[in-house]
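Asker: give the three-dimensional model of this entry:
(2 chains)
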2 protein chains.
Amino acid sequence: MNSTAINSTAKPQRTLHVALDERSYPIHIESGLIGRANALTPYLAGRQVMVVTNETIAPLYLEKLCASLPGHLEVRSVVLPDGEQYKTIEQVSRIWDALLEAGFNRRCTLIALGGGVIGDMVGYAAASYQRGVAFIQVPTTLLSQVDSSVGGKTGVNHPLGKNMIGAFWQPKAVLVDIESLKTLPRRELSAGLAEVIKYGLIRDDVFLAWLEANMTALLNVEPEVVAEAIARSCQIKADIVAEDETEQGVRALLNLGHTFGHAIEAHQGYGNWLHGEAVGAGMALAATLSKRLGWINEAALARSLAIIKSAELPLAAPANMTSDDFLARMRLDKKNIGTKLRLVLLNGLGDACISDTTPVDVLRKLLDEYPRC
Amino acid sequence: MNSTAINSTAKPQRTLHVALDERSYPIHIESGLIGRANALTPYLAGRQVMVVTNETIAPLYLEKLCASLPGHLEVRSVVLPDGEQYKTIEQVSRIWDALLEAGFNRRCTLIALGGGVIGDMVGYAAASYQRGVAFIQVPTTLLSQVDSSVGGKTGVNHPLGKNMIGAFWQPKAVLVDIESLKTLPRRELSAGLAEVIKYGLIRDDVFLAWLEANMTALLNVEPEVVAEAIARSCQIKADIVAEDETEQGVRALLNLGHTFGHAIEAHQGYGNWLHGEAVGAGMALAATLSKRLGWINEAALARSLAIIKSAELPLAAPANMTSDDFLARMRLDKKNIGTKLRLVLLNGLGDACISDTTPVDVLRKLLDEYPRC
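Answerer: Predicted coordinates:
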């Protein structure tokens, strides 16, 4: 299988569309978008522009992005600390402070330049500033390019749970510059691949097979292969979001591995395990549980674990987490309606489902016996 | 003119409807709703209920309201400090803390028991908790009954501007118990009448005349008259909100007096002038400006000022505010799109319009010459 087997016309430039009526928007995937003149301008609501980024990304891309904006605009910037542990309401308040100090009105536009943490915080800041202003996603990590920048989930963490405070707020556009992956640390590349693998596992066994064949090229950031993986991931996500914007049903499938993963992240303290790493181990747990429940066979479980491992992601759970730690954290997960524990499990490769019938004793036994790092 | 001239079948029990497609909801206006069994239950999303109120209202109504809920529900409460100066993101965070400590999920329901400050904060807490949960408004002040509990504007203040952080988030129902007005201080009753008068001024000269005839009965909290004033006010607001939910156009008319009023409130420090008092003086300023621009005649101005005064509201601006203070605060008002100052002015009694053509020198001259307290 060659590296562009899915789409023989694949090029490192393409545009997808998230269909949400008057909230619809494009996703542009291309090399060199950051810094290209007028790449952002069609999506600005007015003259006031606030670019929000973090201390890691600012020296790499902030000046370049600002320089690409027309000179007649009023452009300001906010640089926040980098890391999931800073995804808090206090940091969002710093964005609001900057907007108010600049006297920005309802026609301003926020630009999220960075990874998922920046995107989630800027989206929520935009959702709540003057009851809602425009924002644009310019994701610079693989994880945010394939997942968090698309779909309008915004928010911050709370000491008692991840993403507990937030809003559904759609961007005006998502601009994915695949060149930004060249500066991405290898560990974060792997973390992003967790979400890419997730799309294959939940919805698309052909894509899963393509990923198995192309994992080395992905880890080497080969542009054609990376662009294809991002486009395919975004398309699956866009389709699901268009079907179920506010997660009343099918959108919950996107949380494969996330109930376990969120428990890991929260217990380790945000930022110690990367989100994608926790999702990797979480998907391994979900696949193992699916096998124990008799929903998938040994071969499917083996392929699920192998592809997670091939992306250099952890399969084992953290050594310091007991079964009780997991269960306590998982009950607070947003997917749990009422008192039953809802989990996303696998019916097969490329076929996930939402289940609230897992007996607690089966879950506890899995957690008791599951390998730790 | 007798006190029920508008609607001869007026009774102190009625139900209105805010038409917003799948976000539609009823407004029930009736004596004794707080504490009536099953008044709230049709609007609960699930078994988890968080009642949020303040230190003034809690001893009066909290136990009564909680006792009216079916015993199988999980009911918790949060009591916040009373006053506009506590309408902050920090107080909203206390609601989020309580929800998370109780382990409440997406199917929980928040109940806002109190005035506009509680309603705005609880609405925003609900809009942002787990990206949006249900809430019910149980307004206990006249101002919140006729204005803030209807229409889905939620949010908190920022040191640099009123209501700068928030969301549009509609309640599942509004329950107006007019008996709660019996415990309302006279000063707050007057403050509520400011918004009632506003509806007459912007949209309904018949209602305005009815208010002129019934002001004494309103100040005496005569149930039939109060119920009629609330119903008429809510109907006008519901009609405008149904037409323009997110204030792209006509909804801005509801801000008559508010651009001046917000400047007064912010400058005095939130809580020193009541919102309705600031709106009273703000409407007097807007009417006076309308006269100076030649849009209304002397008689219309005189009637506008007289009805504000008859509700025991201030006409003069605060002694400590210069014209520059006003102008600086007004530029940050959310209604100002781009650089022009947008104001709601009167074309006539019962006929307001949005204008961005007021010359700054005319506005400055008005502010220079306008009476101070």
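Asker: how about the residues of chain A by chain B?
Answerer: By Cβ under 8 Å from any Cβ of the partner chain, the part of chain A that sits against chain B consists of A:46-47, A:89, A:93, A:96-97, A:100-101, A:103, A:105-107, A:124, A:127-132, A:153-155, A:158, A:160-161, A:163-168, A:246, A:331-332, A:334, A:336-338. Placement of C-beta: from N, CA and C, glycine included.
Asker: pull out the buried members of those residues.
Answerer: Buried members of the residues of chain A next to chain B, scored by 16 or more other Cβ atoms under 10 Å in any protein chain shown, are A:46-47, A:89, A:93, A:96, A:100, A:105-107, A:124, A:127-132, A:153-155, A:158, A:161, A:163-168, A:332, A:334, A:336.
Asker: okay, the closest residue to chain B within the stretch 151-300 of chain A: pLDDT?
Answerer: Residue nearest to chain B within the stretch 151-300 of chain A (Cβ to the nearest Cβ): residue A:160, separated by 4.0 Å. We have a pLDDT of 86 for residue A:160.
Asker: pLDDT at the nearest residue to it once chain neighbours are set aside, what is it?
Answerer: Among residues not flanking residue A:160 along the chain, residue B:100 sits closest, at 4.0 Å (Cβ to Cβ, 6 or more residues apart in numbering or on different chains). At residue B:100, the model reports a pLDDT of 96.
Asker: how about the helices in chain A?
Answerer: Secondary structure of chain A (DSSP state H): helices at A:63-67, A:89-101, A:116-128, A:142-143, A:186-203, A:205-219, A:223-243, A:258-268, A:275-292, A:298-310, A:323-330, A:360-369.
Asker: relative to residue A:345, which of these is closest?
Answerer: For these, proximity to residue A:345 was assessed by Cβ to Cβ; helix A:275-292 is nearest, at 4.5 Å.
Asker: CA atoms only for the closest one, dumped as CSV, please.
Answerer: Extracted as CSV, the C-alpha positions of helix A:275-292 are listed here (Å, rounded to 0.1, in the frame of the first residue of the first chain):
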residue,chain,number,x,y,z
HIS,A,275,-3.8,14.7,26.5
GLY,A,276,-3.0,12.4,23.5
GLU,A,277,-0.9,10.1,25.7
ALA,A,278,-3.8,9.7,28.1
VAL,A,279,-6.1,9.1,25.2
GLY,A,280,-3.7,6.5,23.8
ALA,A,281,-3.8,4.5,27.1
GLY,A,282,-7.5,5.2,27.4
MET,A,283,-8.2,3.7,23.9
ALA,A,284,-6.1,0.7,24.9
LEU,A,285,-8.2,0.3,28.0
ALA,A,286,-11.5,0.7,26.0
ALA,A,287,-10.3,-1.8,23.4
THR,A,288,-9.4,-4.3,26.2
LEU,A,289,-12.7,-3.8,27.9
SER,A,290,-14.5,-4.3,24.5
LYS,A,291,-12.6,-7.6,24.1
ARG,A,292,-13.6,-8.7,27.7
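Asker: any weak-confidence spans in chain A?
Answerer: Applying pLDDT under 70 to chain A flags the ranges A:1-12, A:332-339.
Asker: most distant residue from the centre of it?
Answerer: Relative to the centre of chain A, the most outlying C-alpha is that of residue A:72, 33.7 Å out, by Cα atoms, centre = their mean.
Asker: and that one, how close does it get to residue A:41?
Answerer: From residue A:72 over to residue A:41 the distance is 11 Å, taken as Cβ to Cβ, to the nearest Å.
Asker: for residue A:51, grab the count of nearby residues.
Answerer: Per other Cβ atoms under 10 Å in any protein chain shown, the neighbour tally for residue A:51 reads 25.
Asker: does it touch residue A:65 like I think?
Answerer: Yes: using Cβ atoms under 8 Å, residue A:51 makes contact with residue A:65 at a distance of 6.2 Å.
Asker: what do the two both touch?
Answerer: Counting by Cβ atoms under 8 Å, 6 or more residues apart in numbering or on different chains, the shared contacts of residue A:51 and residue A:65 are A:111, A:113.
Asker: still on that earlier bit, I'd guessed the residue of the stretch 151-300 of chain A closest to chain B sits against residue B:98; true?
Answerer: No: using Cβ under 8 Å as the test, residue A:160 is too far from residue B:98 to be in contact (10.7 Å).
Asker: give me the common contacts of the two.
Answerer: Contacts common to residue A:160 and residue B:98, judged by Cβ under 8 Å, 6+ apart, are absent.
Asker: report the contact partners of the closest residue to chain B within the stretch 1-150 of chain A.
Answerer: For the stretch 1-150 of chain A and chain B, the shortest gap (Cβ to the nearest Cβ) falls at residue A:100, measuring 3.9 Å. Shown in contact with residue A:100 (Cβ under 8 Å, 6+ apart): B:158, B:160, B:161, B:164, B:332.
Asker: hmm, the second one is touching residue A:101, no?
Answerer: Think residue B:160. Yes: in terms of Cβ under 8 Å, residue B:160 counts as a neighbour of residue A:101; the distance is 6.9 Å.
Asker: give me the number of residues near residue A:288?
Answerer: Using other Cβ under 10 Å, residue A:288 has 20 other residues around it.
Asker: likewise residue A:249?
Answerer: 11.
Asker: residue contacts, it?
Answerer: residue A:354.
Asker: pretty sure residue A:106 contacts residue A:126?
Answerer: No: with contacts counted by Cβ under 8 Å, residue A:106 stays clear of residue A:126, the gap being 10.9 Å.
Asker: mind listing the shared neighbours of these two?
Answerer: Common neighbours of residue A:106 and residue A:126 are listed as residue A:133 (criterion: Cβ under 8 Å, 6+ apart).
Asker: which residues are in contact with residue A:50?
Answerer: So residue A:50 contacts A:75-78, A:95, A:98-99, A:102, A:104, A:108-111 (Cβ under 8 Å, 6+ apart).
Asker: for it, give the beta-bridge partners.
Answerer: Beta-bridge pairing of residue A:50 under DSSP bridges involves residue A:76, residue A:110.
Asker: ok, now how distant is it from residue A:76?
Answerer: Separation of residue A:50 from residue A:76 (Cβ to Cβ): 5 Å.
Asker: good, wrapping up.
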